[in-house]
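Enquirer: Need a 3D model of the sequence below.
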Amino acid sequence: MQNFNLDKAEYILFDWDGTLADTRDCHVDSINEVLAEYNLPDWSEARKLRDTSLSLKNNFPNIFGDNAKEAFEKYAAIYEKKAPAGVHKFPYIEELINLLRAKNKKLMVISNKDRKLLDIDCERLFPKGTFVKVVAGNEALKNKPYPEHAYYTLDEYLEPSEITPEKVWIIGDSSFDVECAIFANALPILVGKPLDKANIVYFKNFEDFYKALSS
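Expert: Next up is the predicted model:
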């Protein structure tokens, strides 16, 4: 794809869950403990109650009803305990980050994840200063897939009209990330399971992504 040119890229925005960090097992184990406490079906069934346009935290009322606030606090406490052993960087993430930083790219995190849990993960997995900005869920006017999330992440650096696919990359693992990039006029880079959408730069994993940039 002609826009995929590292030399021209200036701002590189990463999703968190499923992109920079493998959090799935920690999340599922944590929420299953809370679901069991409320005598609810496990996550494989409870997840069907989600509004897929909302973040995990904003979906708790759909799953736990009036107990949503209390349930999320329980979930967050369990996740915090499990995270040191249960949350890891994906292979070749470190190499990729080091390559991008060596080329003076401005790296950011754009996530729908709760601020406290995002900070817990980020502070443990990456040295301070790796990212020039880390944006969590519900901090912008709208979360991904809406472009407002990208605009908010970039607001100290670019006006929305200045965002171009050459200049700004949004890297993620889901349709939320791809749609946010497209709506904001950034370059969508998808890592993991492919999507049936046009104009996406796609890599099977971060090893392939790293090798494409370093070749």
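Enquirer: Burial check on Ile163, number of neighbours?
Expert: Ile163 sits with 22 neighbouring residues when counted by other C-beta atoms under 10 Å. For every residue, glycine as well, the C-beta is placed using N, CA and C.
Enquirer: How about Asp7?
Expert: Asp7 has 7 nearby residues by other C-beta under 10 Å.
Enquirer: so where does it fall, helix or strand?
Expert: Using DSSP states H and E, Asp7 sits within no helix or strand.
Enquirer: which phi and psi does it have?
Expert: Backbone dihedrals for Asp7, given as degrees, to the nearest 10, come out at phi -60, psi -30.
Enquirer: next one: Asn39
Expert: The phi/psi pair for Asn39 (degrees, to the nearest 10) is phi 60, psi 40.
Enquirer: Asp29 now?
Expert: As for Asp29, its main-chain torsions (degrees, to the nearest 10) stand at phi -60, psi -40.
Enquirer: Now it: closest residue in space, sequence neighbours ignored.
Expert: The spatial neighbour of Asp29 that comes closest, neighbours along the chain excluded (C-beta to C-beta, 6 or more residues apart in numbering), is Lys82 at 6.1 Å.
Enquirer: ok, then the element right after the strand or helix carrying the one you found?
Expert: Element membership of Lys82, judged by DSSP H and E, is helix 68-86. On the C-terminal side of helix 68-86, the closest following helix or strand by DSSP H and E is strand 88-89.
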